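**Q** requesting a structural model of the entry that follows:
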Amino acid sequence: MTKEDLYHFIVKHRLGVLGSISPDGVPQGALVGIAVTRDLEIIFDTVSTSRKYPNLTQNPRASFVVGWEGEVTLQYEGLAREPKGSELARYQETYFAVWPECRSHLSWPSVAYFVLRPKWIRYSDYDQNPPQIEEFSF
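**A** Residues are numbered from 1 along each chain as shown. Purely as a prediction, here's the structure:
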């Protein structure tokens, strides 16, 4: 499995479960709409009034689980950041290519975008025998 294979797996999925840690150390999960870059960066939007916003701004370590059809999943750990300026505009274009209806979120006063850069990924396919399990570090 290559980085390109991982990209094609993620791009087939529009949703992922984000894991973050609250300021008092409590793990929290949220289902979010996602997009992915060729560098395997996951992009999503949220609002600054959500639980995930202060979680990620205070502790950028986060995780995703993508895919749950059958027994094929991708586990993803990385660091989140909130891009600004022209960098944000570039990531928004990637996100809006998957979620064009979310352009309307730009009018929301509290909308925010995060990008996660991978540190570790595990691809697991238990729908085959023997199972295919591969790990990647970045």
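**Q** who does the residue nearest the centre of the chain bridge with?
**A** When CA atoms, centre = their mean is applied to the chain, the residue found nearest the centroid is I42 (3.8 Å). Note on I42: beta-bridge partners V36, L116, judged by DSSP bridges.
**Q** just the pLDDT at it, thanks.
**A** Per-residue pLDDT puts I42 at 98.
**Q** so where's the protein uncertain?
**A** For the chain, no stretch is flagged by pLDDT under 70.
**Q** can you give me the strands in it?
**A** For the chain, the strands defined by DSSP state E cover 15-21, 27-33, 35-36, 42-47, 61-66, 72-81, 111-125, 132-137.
**Q** adding distance to M1, write these out as TSV.
**A** (Glycine included, C-beta is placed from N, CA and C.) Converted to TSV, those look like this (distance: least, CB to CB, whole Å):
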stretch	distance to M1
strand 15-21	19
strand 27-33	25
strand 35-36	15
strand 42-47	18
strand 61-66	14
strand 72-81	10
strand 111-125	6
strand 132-137	5
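**Q** give me whichever of these is most buried.
**A** strand 35-36 (a mean of 24; mean count of other CB atoms under 10 Å).
**Q** which other helices and strands contact it?
**A** helix 3-11, strand 42-47, helix 85-98 (3 or more CB pairs under 8 Å, 6 or more residues apart in numbering; DSSP states H and E).
**Q** in the last one, what counts as buried?
**A** The neighbour-count check on helix 85-98 (16 or more other CB atoms under 10 Å) flags 91-92, 94-96 as buried.
**Q** just the C-alphas of it, formatted as CSV.
**A** Presented in CSV, the C-alpha positions along helix 85-98 are these (Å, rounded to 0.1, in the frame of the first residue of the first chain):
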residue,chain,number,x,y,z
GLY,A,85,-5.0,33.9,4.8
SER,A,86,-4.1,32.5,1.4
GLU,A,87,-3.2,29.2,2.9
LEU,A,88,-6.8,28.9,4.3
ALA,A,89,-8.2,29.8,0.9
ARG,A,90,-6.3,27.0,-0.7
TYR,A,91,-7.5,24.5,1.8
GLN,A,92,-11.1,25.8,1.6
GLU,A,93,-11.1,25.1,-2.2
THR,A,94,-10.1,21.5,-1.5
TYR,A,95,-12.9,21.3,1.1
PHE,A,96,-15.5,22.9,-1.1
ALA,A,97,-14.7,20.6,-4.0
VAL,A,98,-16.1,17.8,-1.7
